[in-house]
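A.B. asks: model the structure of this input:
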Amino acid sequence: MIAQTSPLLAEATANLEALESLCRLAVEAKVDLLALPELAFTGYNIFERLDRLAQTIDGPIVTEAARLANKYNLHLLFGLAERQSNGELSNSAILLDENGQHLATYNKRHLWDRENEFFTAGKKVLRG
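C.D. replies: Now for the predicted structure:
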């Protein structure tokens with residue numbers, strides 16, 4: 001199931017809280033993968049604020065998404081402003097399995113418009 005959401009800008013906590021109802025809808029629709037948009041929990045056109053909103057893979061957003069994936073037995077795919085270990089930001093897509101385990105991350109390679117002012121382009125196709 002693809003969920004085209006309209007996240008509240010810079011309101012990761014509120015957007016993450018809305019994820020549970022989307023998970024319930026996905027289960028009711030008998031799907032096993034819920035795909036959310038790019039930068040699903042922060043919103044997109046807030047580049048200047050992403051430095052303070054970005055999180056690591058083991059941060060609260062991915063941790064809560066993993067809990068919900070496990071609770072609803074659902075694969076989750078979502079966009080995240082990811083803070084890399086070297087401090088750089090990536091526009092990432094995170095894939096979690098139905099147990100909440102991190103399967104893969106894709107760091108957007110082809111940045112456009114102003115993205116390259118704030119994100120570092122990915123170098124690999126996927127990382128697990």
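A.B. asks: how about the strands in the chain?
C.D. replies: Assigned by DSSP state E, the strands in the chain fall at 33-35, 75-83, 89-96, 102-107.
A.B. asks: out of those, the one nearest Q55 is which?
C.D. replies: Closest to Q55 of the strands of the chain, according to Cβ to Cβ: strand 75-83, at 6.0 Å. C-beta: built from backbone N, CA, C; applies to glycine.
A.B. asks: now render the strands of the chain as CSV, adding mean pLDDT and distance to T13.
C.D. replies: Below are the strands of the chain laid out as CSV (pLDDT from 0 to 100; distance: least, Cβ to Cβ, whole Å):
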stretch, mean pLDDT, distance to T13
strand 33-35, 97, 19
strand 75-83, 97, 14
strand 89-96, 97, 18
strand 102-107, 96, 21
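A.B. asks: out of those, nearest to G122?
C.D. replies: Nearest to G122, of all the strands of the chain, is strand 102-107, at 2.9 Å by Cβ to Cβ.
A.B. asks: that older thread, out of the strands of the chain, which comes closest to G43?
C.D. replies: Using Cβ to Cβ, those put strand 75-83 closest to G43, at 9.8 Å.
A.B. asks: helices or strands up against the closest one?
C.D. replies: Here strand 75-83 touches strand 33-35, helix 60-72, strand 89-96, going by 3 or more Cβ pairs under 8 Å, 6 or more residues apart in numbering; DSSP states H and E.
A.B. asks: will you turn the ones you listed into a markdown table that also has distance to N107 and mean neighbour count?
C.D. replies: Shown next, in a markdown table, are the helices and strands packed on strand 75-83 (distance: least, Cβ to Cβ, whole Å; neighbours: other Cβ atoms under 10 Å):
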| stretch | distance to N107 | mean neighbour count |
| --- | --- | --- |
| strand 33-35 | 17 | 19 |
| helix 60-72 | 14 | 19 |
| strand 89-96 | 4 | 22 |
